[in-house]
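1. any chance you could fold what I've pasted below:
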Amino acid sequence: MNIIKSKLKQIIEEEIQNVLEEQLDEDLLQELLEDPREKVGCSEFLQKEEVELEEKKKKRKGKMPKKFSVKSGDKSKSGGLTAKGVKRYRKANPGSKLKTAVTKKPSKLKKGGKAAKRRKSFCSRMCGMKKKRTGAKGKRDPNSRINKALRKWNCNC
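-> As a prediction, the model looks like this:
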C-alpha cells in the first residue's frame, strides 16, 4: 500500500497526538519527510522503527544474567559454577577471565603449574574469608556454599 507523503505526515501527527504510549522517533519521521520519492510504503517506515527498537534492546552488554541456579545448570550442587554458568557469565561480561574450578587432587597437579598456583591462591583466599566472614554456624555447616567450594577445590582449612 502506497500513501502520499502529506497524507502519511497527517496520519502520523494524529497518531502522535492520540496515543501517548507509542513514541515515534523524531529522526525517522524527519528522514521520511525528506525522502525524495512522492510515494513511500508504510511497511518501509515501520520496519526502520522496529530495527531501531531492536538495536536499543540489544545494548545489554555488561549486565549480569538474572540468576545463576542449580536448576538451570549454571551452578553445581557440589559448589561453584559449571562450564555452562561460566560461559553465561563471560557472555554478559566481555573480557572476563573467569574459569571453572580446579577439581584435580593436589597430588595429580604439576608442582608450580598454572592450575596448582591457581588452586593454592583460591584456597588461601577462601580460607581467610571463611575465618573472617562466616559465623560459627556457617563454618560447621557442610552444605554452606563456602564449604562446598572449598571441598570442590580440595582445600584443607
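
2. wait, His134 sits on Leu150?
-> Slight slip there: residue 134 is Thr, not His. No: contact criterion CB atoms under 8 Å: Thr134 and Leu150 do not qualify, at 11.1 Å. The C-beta positions use only the backbone N, C-alpha and C, and glycine is treated the same way.

3. so between these two, which is more surrounded?
-> Taking neighbours as other CB atoms under 10 Å, Thr134 and Leu150 compare with Leu150 leading, 20 against 15.

4. buried stuff in the strand or helix carrying that one?
-> Per DSSP states H and E, Leu150 falls inside helix 145-152. The neighbour-count check on helix 145-152 (16 or more other CB atoms under 10 Å) flags Ile146, Asn147, Lys148, Ala149, Leu150, Lys152 as buried.

5. return the distance of it from the chain's centre.
-> 25 Å (CA atoms, centre = their mean, to the nearest Å).

6. ok, back up a step: and the buried residues of helix 145-152 as TSV, adding pLDDT?
-> TSV is the format used below for the buried residues of helix 145-152 (pLDDT from 0 to 100):
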residue	pLDDT
Ile146	91
Asn147	93
Lys148	92
Ala149	91
Leu150	93
Lys152	92
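
7. let's have the residues you listed in JSON lines, adding distance to Lys87.
-> Formatted as JSON lines, those follow (distance: CB to CB, whole Å):
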{"residue": "Ile146", "distance to Lys87": "24"}
{"residue": "Asn147", "distance to Lys87": "26"}
{"residue": "Lys148", "distance to Lys87": "21"}
{"residue": "Ala149", "distance to Lys87": "19"}
{"residue": "Leu150", "distance to Lys87": "24"}
{"residue": "Lys152", "distance to Lys87": "18"}
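
8. can you find the helix or strand of the chain with the lowest average pLDDT?
-> helix 42-58 (a mean of 59; mean pLDDT, DSSP states H and E).
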